[in-house]
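>>> Structure of the sequence below:
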Amino acid sequence: MYLKMLKMHALNRAIPGSFSTKQRSSCAFAGPSAPLKSKRTLPVLKAAQEARQEADGLYSLEKEGSNGGLTKTDVFIDRQGQFVQVMCTDYGYRSGVGRMYQAADGTIPVSGFELALDNFKRELASLRRSVRMDEYARVTNASPPSSLPRKAAFELGGLVVQGFAALDKKLEEAKVLPKLEATPESPDVVDPATGEVKSEYQRIRQKLLQLKLSNKKVMEREHKRESSGGKVETSWYVRLLYNVVCFMLDVLFDNRPIQRFWFLETVARMPYFSYISCIHLYETLGWWRAAAELRKIHFFEEWNELHHLQIMESLGGDQAWFDRFLAEHAAVLYYWVCIGFYLVSPKNAYNFMQRVEHHAADTYTEFIEENRELLASIPPPMVALNYYRNEDLYLFDSFQTCDSEAATECLVRRPACNNLLDVFINIRDDEDEHVKTMKACQNESIARDLAKGRGQPIELE
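Numbers count the residues shown, from 1 in each chain. Purely as a prediction, here's the structure:
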């Protein structure tokens, strides 16, 4: 509370005008929407927005706009007292439902049965909207198939979707299923003065839709890195699994970069979960307890990937039902594959993850180069600011790895986060840190780093 008062005092001194505290994530998906039919609902919307301003973490400033009137701009105050404009739009499917840095953050979950039932109801309604509104066509239109096999596969998929849509209509007419309702708009995306979706949310969404990524250029960048000395030596079966994963990403998420990144970050957490599970099992059975420090590092890495995931969710990466279905089931399968890898050979498990993290860094680098100007024009999402610019960076610092084995101390990263370009540069640099950590786990230099942290020098053979 004292810190909040200091921030408000600093805000009054630094920027003239009025302000109010506002909820950390104040809006949800802003898709096309017609004006509200009844003006009587507008006071209700306004009251709902004012109620959400009770939470702290985000401030709403009134400043003079280009037309001479007052406009509201949401800002975040970082640990140094700097003001950063925030993308107040959360385009994620799960906006406000058990998400970090939102209203439910820090609450205890209800029973697993209740969570499963609620999720089933939401996903069933989402699946019905997906087939009835032909979400599949929007996905395929983003990257029209060129080869004959892909055309045939996409045509078959379209027929399957049409069949499910017809079945859903018949079940609805027979009253087996309830009437399908449109996705409700969050009160925060609607202007209480007009009842229309705010133009700012539409403007940002249009910019996000313009982002692009070339699979061919990503592959060229990866080959260039390997030819310049950055090649990772792996066994044939590790290479095979890696190639299968990359091919699947290229086919399913061609020209859909944010969705690709969301899928990638969903499954990227699984290896760290699997390493922790195996190490915990070894400790419980009394087989091996010297890896407890590794378990801690893998948690820090997973915490980092979690924030990457939530950043991609806030940009709308999880909006499509098919993407969620694929990513969540692939993540469960991937977890058990990584368990098997680690049980047989931890070094091969780390080697595989080093390849994956290298690929992620190459992909983000290419994405940054292709969209640099557009990314620089979009404010950062709230989750990114809370992770990179808050007061406590202990977990962020703890997964950093020194480049040189002879280094006595590592450079402290304090990345900027003023726009979406900074956010993606930070994520790319995080992936590079994961690469170094996975390499250190293979050659046992991680043990030297851990010993330095405890002040206990050791010798390795």
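
>>> The helix or strand Arg372 falls within - what's its average pLDDT?
Arg372 belongs to helix 346-376 when elements are defined using DSSP states H and E. When pLDDT is averaged over helix 346-376, the result is 93.

>>> for the stretch 1-150 of the chain, which spans come out with low pLDDT?
Along the stretch 1-150 of the chain, the parts satisfying pLDDT under 70 run over 1-73, 88, 95-99, 102-105.

>>> try 50
Across the stretch 1-150 of the chain, the ranges flagged by pLDDT under 50 are 1-56, 66, 69-70.

>>> Give me the most central residue, this structure.
Closest to where the C-alpha atoms of the chain average out (C-alpha atoms, centre = their mean) is Leu309, at 2.4 Å.

>>> gap between the helix holding Arg372 and the chain center?
How far helix 346-376 lies from its chain's middle: 14 Å, per C-alpha atoms, centre = their mean, to the nearest Å.

>>> Please apply the same query to stretch 274-281.
24 Å.

>>> how close does the residue nearest to the centre of the chain get to Ala320?
Going from Leu309 to Ala320 by C-beta to C-beta, to the nearest Å gives 16 Å. C-beta here means a position set from N, CA and C on the backbone, and glycine is covered the same way.

>>> ok, back up a step: tell me what the helix holding Arg372 is packed against?
Using 3 or more C-beta pairs under 8 Å, 6 or more residues apart in numbering; DSSP states H and E, the elements in contact with helix 346-376 are helix 215-225, helix 236-252, helix 257-268, helix 270-284, helix 321-344, helix 420-443.

>>> and that helix with helix 270-284, angle?
150 degrees (axes from the mean of the first three to the mean of the last three C-alpha atoms, to 10 degrees).

>>> Tell me the buried residues in helix 346-376?
Counting neighbours by 16 or more other C-beta atoms under 10 Å, one finds that the buried residues in helix 346-376 are 346, 348-367, 370-371, 375.

>>> cool, stretch 149-166 as well?
Phe154, Val161, Phe164, Ala165.

>>> ok now do the first one, which residues does it touch?
For Phe154, the set of contacting residues under the criterion of C-beta atoms under 8 Å, 6 or more residues apart in numbering consists of Thr140, Pro145.

>>> That one: helix or strand, and which one exactly?
helix 148-173.

>>> in whatever helix or strand comes next after that helix, what's buried?
Counting by DSSP H and E, the next helix or strand C-terminal to helix 148-173 is helix 199-209. For helix 199-209, burial by neighbour count (16+ other C-beta under 10 Å) applies to Glu200, Tyr201, Gln202, Ile204, Arg205, Leu208.

>>> Which of the residues you listed sits closest to Lys169?
The nearest member of the buried residues of helix 199-209 to Lys169, counting by C-beta to C-beta, is Arg205 at 29.1 Å.

>>> residues near the closest residue to Phe253 other than its chain neighbours, how many?
Once flanking residues are discounted, Phe253 sits nearest to Arg260: 3.5 Å by C-beta to C-beta, 6 or more residues apart in numbering. Using other C-beta atoms under 10 Å, Arg260 is surrounded by 22 other residues.

>>> Equivalent analysis for Trp262, please.
28.

>>> hang on, isn't it packed against Glu313?
Yes - assessed by C-beta atoms under 8 Å, Trp262 is found in contact with Glu313 at 6.4 Å.

>>> Name the nearest of the buried residues of stretch 149-166 relative to Arg122.
Phe164 (17.9 Å).

>>> hmm, back to that, which residues touch the residue nearest to Phe253?
Leu213, Leu249, Leu252, Phe253, Thr363.

>>> which residues sit in contact with the second one?
Leu249 makes contact with Arg260, Phe263, Leu264 under the criterion C-beta under 8 Å, 6+ apart.

>>> which one among those gets closest to Phe399?
For these, the nearest to Phe399 is Leu264 (17.8 Å; C-beta to C-beta).

>>> ok, now which ones touch the spatially closest residue to that closest one that is not a sequence neighbour?
Closest residue in space to Leu264, ignoring its immediate chain neighbours: Ala360 at 6.2 Å, by C-beta to C-beta, 6+ apart. Residues counted as contacts of Ala360 (C-beta under 8 Å, 6+ apart) are Leu264, Ala268, Glu431, His434.

>>> Ala320 too?
Ser130, Glu135, Val139, Gln259.

>>> please redo it, this time with the cut-off set to 7 Å
Glu135, Val139, Gln259 (C-beta atoms under 7 Å, 6 or more residues apart in numbering).
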